[in-house]
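S.K.: what's the 3D shape of this:
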Amino acid sequence: MTPRPPGATRLVGVTVVPRWEWRSFGEHLGESGTGLAELPVQQVVDSSELYLLATPGTDLVKVRDGLMDIKHLQRVGDGGLELWNPVLKAAFPLSATDVAAVAAAWGVEAPTTIGEQGLSLDGLLEHVVAPNPRLRAVEVRKHRQRYQLRGCLAEVTDVRTDHGATRTVAIESEDPAAVVATLAELGLAGRPNVNYGRGLKVLEHFGTERFAVIDVGTNSVKLHVGERSADGAWRRIADRSVITRLGDGLRQTGRLGTEPMERTVDAIAQMLEEAREDEVDAVAAVGTAGLRIAENGRDFVHTVRERCDLLVEVISGEEETRLAYLAATAGLPATGSRVVFDTGGGSSQFTFGHGGRVDEMFSVDVGAVRFTEQFGLGDAVSEATLAAALAAISGELGRLEDRGTPDDVLAIGGAATNLAAVSHALADYDPDVVQGTVLDLAEIDRQIELYRTRPAAERRSITGLQPARAEVILAGACVVRTVLDKLGKDSLTVSDRGLRHGVLAERFAATEVV
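M.R.: Sure thing, here's the model as predicted:
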């Protein structure tokens, strides 16, 4: 960002004060999803604007109402809020000074020759934008609904270009504290701030950007860094997980323990540092069942915010389910009826759908950590104990009964991917090998017996099993086995794409990630 003097900027005789802005993109966003539906609409605006995007630049350059309009990204504040300062509104033809300002905003060299009559819009597009592969003109059609809340302008906008359509929600004010408070009230706190320029580049498949997602689960913390190229393809930069067992003792006390919290915060800090070393443009972090259930979940979120300057968004079970389905079905498309399920440390999520369409989704408190603690499944156990555990799991998965047999069952999450890795005897985890692996009941039963007869210390030597998952793998395998039994299926397909991929796809307006 090119520094500019702070404070107000005078444009066409009007004093303009910089404003703090937050924005998010996603088709699911709207009044009903953000709490704005209860507020009266203050204004409805339809417009067509010409955005002039640049891969090296951070400023917003567009043509609106026949004027060249530049907003400068003055600085990024706490929590990723951005302070935007309008610095130019100029009529065409542009003077040499105006053209130099536009080029500076783009981060490119200014044209050396400008005629005495200045540069028209057609001339700018033909002689400056078109020849430069780092520049692109995009016509953007907007339908905006505006609201007022806590002194902030809130805006829901349907955005359409020749390459696609999306929706964006924005909150802005001169007071950053008011923006933060409004985001919290609307349930949007924790979502990454994606400005118009970045969102349009993703929609247009223009330029290369990197994004990171940190998934804070009850048993593990996962990091995914993805890079989106100009053609819209995604490349995996990093994808790893650390077993921190945040939920240790949660079932007995209802609270997160001090040591599990410290382990998990340390892991998040390390992953955030790794993401920054990978030069990501933005980071999103989400928390799941453990943080939803724990009485002191907010204390954990506060600790992460204080230490890492990262806000963990604790998402609902339904949201977790929907995002996981989005990731799994994007990686393994199909047209028939299907069930996608993710069994984690504290809960399991189920989504019923057809192809990419979601018909029903729900979350149940059936997780590997809980049943490991309840039945001592971290050690070798008797056949009777195993049978009791399976019966208890079955009793809590009653919502799966009497639904008919789906055409396809997809399993995501650490239990399923570890079962797949063991089936392939992968000494080193390979997501491309795991992706699409078919596990039948015979293989799942074989592994259940393998884990039942061994304590955790011996399980760690099993090729393909993540050592830190040795304590909970038996419970996870039992949940997977019971789900197949309830659905009347004898096999399932494993997807390596999980919640973190769904968050990446939606929070950063992508469509498919690897």
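
S.K.: okay, CA-based contacts and neighbour counts for the rest of this
M.R.: Noted.

S.K.: not counting residues beside it along the chain, what's closest to residue 243?
M.R.: Among residues not flanking residue 243 along the chain, residue 220 sits closest, at 4.2 Å (C-alpha to C-alpha, 6 or more residues apart in numbering).

S.K.: run a quick neighbour tally on that neighbour.
M.R.: Residue 220: 21 surrounding residues under other C-alpha atoms under 10 Å.

S.K.: do I have it right that it meets residue 246?
M.R.: Yes: between residue 220 and residue 246 there is a contact under C-alpha atoms under 8 Å: 7.3 Å.

S.K.: tell me the pLDDT at the residue nearest to residue 243?
M.R.: Listed pLDDT for residue 220 reads 91.

S.K.: how much space is there between it and residue 248?
M.R.: The gap separating residue 220 from residue 248 is 11 Å, by C-alpha to C-alpha, to the nearest Å.

S.K.: same deal with residue 282?
M.R.: For residue 282 relative to residue 248 (C-alpha to C-alpha), the value is 30 Å.

S.K.: equivalent analysis for residue 118, please.
M.R.: Residue 118 is 69 Å from residue 248, by C-alpha to C-alpha.

S.K.: of the two, who's got more company?
M.R.: Neighbours per residue, other C-alpha under 10 Å: of residue 118 and residue 248, the larger number sits with residue 248, 23 against 17.

S.K.: residues in contact with that one?
M.R.: 256-257, 260, 369 (C-alpha atoms under 8 Å, 6 or more residues apart in numbering).

S.K.: and these, which two are furthest apart?
M.R.: The two members of the contacts of residue 248 with the most space between them (C-alpha to C-alpha) are 257 and 369, at 14.2 Å.

S.K.: more neighbours: which of those two?
M.R.: Neighbour count, other C-alpha under 10 Å: between residue 257 and residue 369, residue 369 has more, with 28 against 16.

S.K.: wait, that one sits on residue 348?
M.R.: No: at 11.5 Å, residue 369 does not count as touching residue 348 under the criterion of C-alpha under 8 Å.

S.K.: confirm that residue 468 sits in a strand.
M.R.: No: counting by DSSP: H, G, I helix; E, B strand; the rest coil, residue 468 is not part of a strand but helix.

S.K.: that one and residue 243 touch, don't they?
M.R.: Yes: checked against C-alpha under 8 Å, the pair residue 468 and residue 243 is within contact range at 5.8 Å.

S.K.: can you find the helix or strand of this protein with the lowest average pLDDT?
M.R.: Least confident element among the helices and strands of the chain, by mean pLDDT, DSSP states H and E: strand 9-11 (a mean of 46).

S.K.: ok, residue 320 - contacts?
M.R.: Residue 320 neighbours (C-alpha under 8 Å, 6+ apart): 288, 349, 499.

S.K.: out of those residues, who has the most neighbours?
M.R.: For these, the largest number of neighbours (other C-alpha under 10 Å) sits with residue 499, at 28 neighbours.

S.K.: which residue sits closest to residue 54, ignoring its sequence neighbours?
M.R.: Closest residue in space to residue 54, ignoring its immediate chain neighbours: residue 135 at 4.6 Å, by C-alpha to C-alpha, 6+ apart.

S.K.: any idea how many residues pack against that neighbour?
M.R.: Neighbours of residue 135 (other C-alpha under 10 Å): 21.

S.K.: quick one: pLDDT of it?
M.R.: For residue 135, the pLDDT comes out at 96.

S.K.: test my guess that residue 91 contacts residue 64.
M.R.: No: taking contacts as C-alpha under 8 Å, residue 91 lies outside contact range of residue 64: 10.1 Å.

S.K.: for the stretch 401-514 of the chain, just list every one of the strands.
M.R.: 408-412, 438-440, 491-494 (DSSP state E, counting those that start in this stretch).

S.K.: give me the contacts around the longest one.
M.R.: If you take C-alpha under 8 Å, 6+ apart as the criterion, strand 408-412 is touched by 324, 328, 336-343, 489, 491-498.

S.K.: just the ones of the residues you listed in helices?
M.R.: Among those, the subset assigned to helices under DSSP state H consists of 324, 328.

S.K.: so what's residue 121 up against?
M.R.: By C-alpha under 8 Å, 6+ apart, the contact list for residue 121 reads 92-93.

S.K.: and the longest strand for this protein?
M.R.: strand 135-149 (DSSP state E).

S.K.: alpha carbons of that strand, as PDB, please.
M.R.: Output of strand 135-149 as PDB, limited to C-alpha atoms (Å, rounded to 0.1, in the frame of the first residue of the first chain):
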ATOM      1  CA  LEU A 135      -5.000  -5.100 -15.900                       C
ATOM      2  CA  ARG A 136      -8.600  -6.000 -16.600                       C
ATOM      3  CA  ALA A 137     -11.800  -4.000 -17.100                       C
ATOM      4  CA  VAL A 138     -14.900  -5.700 -15.600                       C
ATOM      5  CA  GLU A 139     -18.400  -4.400 -15.900                       C
ATOM      6  CA  VAL A 140     -20.200  -5.000 -12.600                       C
ATOM      7  CA  ARG A 141     -23.900  -4.800 -12.200                       C
ATOM      8  CA  LYS A 142     -25.100  -4.300  -8.600                       C
ATOM      9  CA  HIS A 143     -28.500  -4.500  -6.800                       C
ATOM     10  CA  ARG A 144     -28.000  -3.000  -3.300                       C
ATOM     11  CA  GLN A 145     -30.200  -2.900  -0.200                       C
ATOM     12  CA  ARG A 146     -29.000  -0.600   2.500                       C
ATOM     13  CA  TYR A 147     -29.700  -0.600   6.200                       C
ATOM     14  CA  GLN A 148     -28.600   1.400   9.300                       C
ATOM     15  CA  LEU A 149     -27.400  -0.300  12.400                       C
END
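
S.K.: buried ones in that strand?
M.R.: Residues of strand 135-149 classed as buried under the neighbour-count rule (16 or more other C-alpha atoms under 10 Å) are 135-138, 140-142, 144-149.

S.K.: CSV for those residues, including distance to residue 126?
M.R.: As requested, the buried residues of strand 135-149 are exported to CSV (distance: C-alpha to C-alpha, whole Å):
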residue, distance to residue 126
135, 12
136, 11
137, 10
138, 14
140, 19
141, 22
142, 25
144, 30
145, 34
146, 35
147, 39
148, 41
149, 43
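
S.K.: list just the nearest of these to residue 301.
M.R.: Nearest to residue 301 among these: residue 149, at 25.1 Å, using C-alpha to C-alpha.

S.K.: nearest residue to that closest one in space, please, no chain neighbours.
M.R.: Nearest one to residue 149, counting by C-alpha to C-alpha, 6+ apart, is residue 182 at 7.0 Å.

S.K.: number of nearby residues for the one you found?
M.R.: A count of nearby residues for residue 182, using other C-alpha under 10 Å, gives 21.

S.K.: enumerate every residue touching it.
M.R.: 149-150, 152, 171.

S.K.: what about residue 169, distance to residue 192?
M.R.: 12 Å.

S.K.: secondary structure class of the residue in the chain sticking out farthest from the centre, three-state.
M.R.: For the chain, the residue at maximal distance from the C-alpha centroid (C-alpha atoms, centre = their mean) is residue 116, at 49.9 Å. Of the three states, residue 116 takes coil under three-state DSSP.

S.K.: cool, thanks, signing off.
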